[in-house]
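Student: model this:
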Amino acid sequence: MRFRLLVADDEKNIREGLAAALEMDGHDVVTSKDGEEAWKRFEKGDIDLVITDLKMPGVSGEELLRRIGADSPGVPVIVLTGHGTVENAVDAMRNGAYDFLTKPVNLDRLSLLVKRALANRELAIQHHRLEEELEREKHFKAMIGSSLSMRRVFDTISRAAPTKASILITGESGVGKELVANALHELSPRAKGPLVKVHCAALAATLLESELFGHEKGAFTGAVARKRGRFELANEGTLFLDEIGEIDQNIQIKLLRVLQEKQFERVGGEETIDVDVRVIAATNRDLKADIEKGNFREDLYYRLNVVNIQVPPLRERKDDLPFLISAFLRECSEENGKNISGIDDKARSRLYAYDWPGNVRELRNCIESALVMCKGTVITLGDLPPTLQANTEDGWIRIPLGSTMEEAEKIIIRDTLSAHKGNKSKAAEILAIGRKTLHRKLSGEDGPDDDE
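Tutor: Numbering: from 1, shown residues only. Predicted coordinates:
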């Protein structure tokens, strides 16, 4: 790892001499002639270590040390001092300096100090990165998947979470849009603030308006007291609006204003309320189609859709099925107090072949149902819900190890025929062979293939 060092000294010969010596040790070095210039250079954010004289005109080394300590306490500072001001250097050590050297500087001693300080700096950086990675994994652990499509989702979450941008999560019902919203909040600077959730489809328009913006006492029949809305409750945090496509035009207008101006009034109120809320919305609808039909405002769509996260359906990421099944099996076993050790091959093949229209939510329900119905310690095909048991075409053909090519070919033909209820024309079409060839291969006769 190559580091960048900052040398600050008002004596030109000293700073240039130190810079030359440090560059010979393999470091990138920048110099400043006083404390003010050094601070401006430091603020650019790419300095790993600072060497500064204590006594400089204007902003002194002590002041520079104080600013660096307050802004970036992990950056080591080595101070330089004359023989007559060693006490000042000791004070600097108490105030956070890594070490000090007296002038004239012993370059070997300086080289050793810099090496040690940067080694500690590198360890601190690696430790910070490890903590960030562990924190990221902690927030992603509920979102299981290693498929390419899910890795893209994780990457987008990591990039978008630290920002203030509004986010629109799209995807079919049951794919885990709420888990994405949770991760976005937990990985954001607002993580210590509230995460408030509203299911927009669950409330009538009049109730939704009150739920979002609150109301004053007497605003409508039944409003017996002032109520704070979800926007107020989410101040300095995150508001998750699930099924955003279900809200009516009047609320869309009011929502657009909050996104633009960060202000609103309660229902029946005149007081303008300022809020600092990050909005994350989710929908399983095609909002662009709704815009064309006049059901959703285009300006609101673009306000919400600053960053789009498309969560893939389970049928498009079946590589994740083994991990999801294992996680749900363990989770549901603990919740239901059952000791289930696994799933047999037939049941597992059926799970892999199914298209999961209800996505991850349906898969979890299926695993829990099968676990409850299981009489032994291994889930079998008969333990699966009727929907999966009825799905007899599991899409797999099993060929025993050690089979000859001729035997394997017959298994493929017979299983294809069985899957299509003995329809030889259909089987021949799927296998891309003629019917005469199909008959001949089934009977075991030799002869040329045909293309009919």
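
Student: who does Leu5 bridge with?
Tutor: On the basis of DSSP bridges, Leu5 is bridged to Val29, Leu49.

Student: That one: neighbour count?
Tutor: Here the number of neighbours of Leu5 (other C-beta atoms under 10 Å) works out to 23. Using the backbone N, CA and C atoms, a C-beta is placed for each residue, glycine as well.

Student: Touching, it and Thr31? I think so.
Tutor: No. In this structure Leu5 lies outside contact range of Thr31 using C-beta atoms under 8 Å: 9.4 Å.

Student: Double-check that Asp355 belongs to a strand.
Tutor: No. Using DSSP: H, G, I helix; E, B strand; the rest coil, the assignment for Asp355 is coil, not a strand.

Student: Okay, and Asn339 sits in which element?
Tutor: Asn339 is located outside every helix and strand, with elements delineated by DSSP states H and E.

Student: what about it, distance to Ala289?
Tutor: Look at Asn339 and Ala289: by C-beta to C-beta, to the nearest Å, they are 49 Å apart.

Student: got it, and Arg257?
Tutor: 25 Å.

Student: Which of the two has more residues huddled nearby?
Tutor: Relative neighbour count places Arg257 above the other of Arg257 and Ala289, with 14 against 11, counting by other C-beta under 10 Å.

Student: can you pull the contacts of the more buried one?
Tutor: 263-264 (C-beta atoms under 8 Å, 6 or more residues apart in numbering).

Student: how far does the strand or helix carrying it sit from the chain's center?
Tutor: Per DSSP H and E: Arg257 is located in helix 249-261. Relative to the centre of its chain, helix 249-261 is centred 28 Å away, using C-alpha atoms, centre = their mean, to the nearest Å.

Student: and that helix, which residues are buried?
Tutor: 251-252, 255-256, 258-259 (16 or more other C-beta atoms under 10 Å).

Student: Output it in CSV, but only the C-alpha positions, please.
Tutor: C-alpha atoms of helix 249-261 as CSV (Å, rounded to 0.1, in the frame of the first residue of the first chain):
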residue,chain,number,x,y,z
GLN,A,249,-54.2,11.4,-7.3
ASN,A,250,-54.9,13.8,-4.4
ILE,A,251,-52.4,12.2,-2.1
GLN,A,252,-49.9,11.9,-5.0
ILE,A,253,-50.0,15.7,-5.2
LYS,A,254,-49.4,16.2,-1.5
LEU,A,255,-46.7,13.6,-1.5
LEU,A,256,-44.9,15.3,-4.4
ARG,A,257,-44.9,18.5,-2.4
VAL,A,258,-43.2,16.9,0.6
LEU,A,259,-40.6,15.3,-1.6
GLN,A,260,-39.9,18.7,-3.3
GLU,A,261,-40.2,21.1,-0.4
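
Student: domain parsing for the protein?
Tutor: For the chain, the structural domains run 4-127, 148-310, 322-389, 397-452, going by automatic domain parsing.

Student: would you turn the ones you listed into JSON lines with distance to Glu316 and mean pLDDT?
Tutor: What follows is the domains of the chain, written out as JSON lines (distance: least, C-beta to C-beta, whole Å; pLDDT from 0 to 100):
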{"stretch": "domain 4-127", "distance to Glu316": "37", "mean pLDDT": "88"}
{"stretch": "domain 148-310", "distance to Glu316": "6", "mean pLDDT": "93"}
{"stretch": "domain 322-389", "distance to Glu316": "10", "mean pLDDT": "90"}
{"stretch": "domain 397-452", "distance to Glu316": "23", "mean pLDDT": "72"}
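
Student: got a markdown table for those domains, with distance to Ala142 too?
Tutor: Output for these, formatted as a markdown table (distance: least, C-beta to C-beta, whole Å):
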| stretch | distance to Ala142 |
| --- | --- |
| domain 4-127 | 25 |
| domain 148-310 | 5 |
| domain 322-389 | 9 |
| domain 397-452 | 35 |
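
Student: Touching the helix or strand harbouring Ala427 from outside, list them.
Tutor: Using DSSP H and E, the element containing Ala427 is helix 424-431. Helix 424-431 is contacted from outside by 412-413, 416-417, 420, 434-435, 437-439, using C-beta under 8 Å, 6+ apart.

Student: from those residues, which would you call buried?
Tutor: Applying 16+ other C-beta under 10 Å to the contacts of helix 424-431 flags 413, 416-417, 437-438 as buried.

Student: contacting residues around stretch 197-205?
Tutor: Residues contacting stretch 197-205 (C-beta under 8 Å, 6+ apart): 178, 181, 208, 211-212, 230, 239-244, 246-248, 250-251.

Student: again with stretch 60-71
Tutor: Residues from elsewhere that reach stretch 60-71 (C-beta under 8 Å, 6+ apart): 8, 35, 38-39, 42-43, 50, 52-55, 75, 77, 79-80, 88, 91-92, 95-97.
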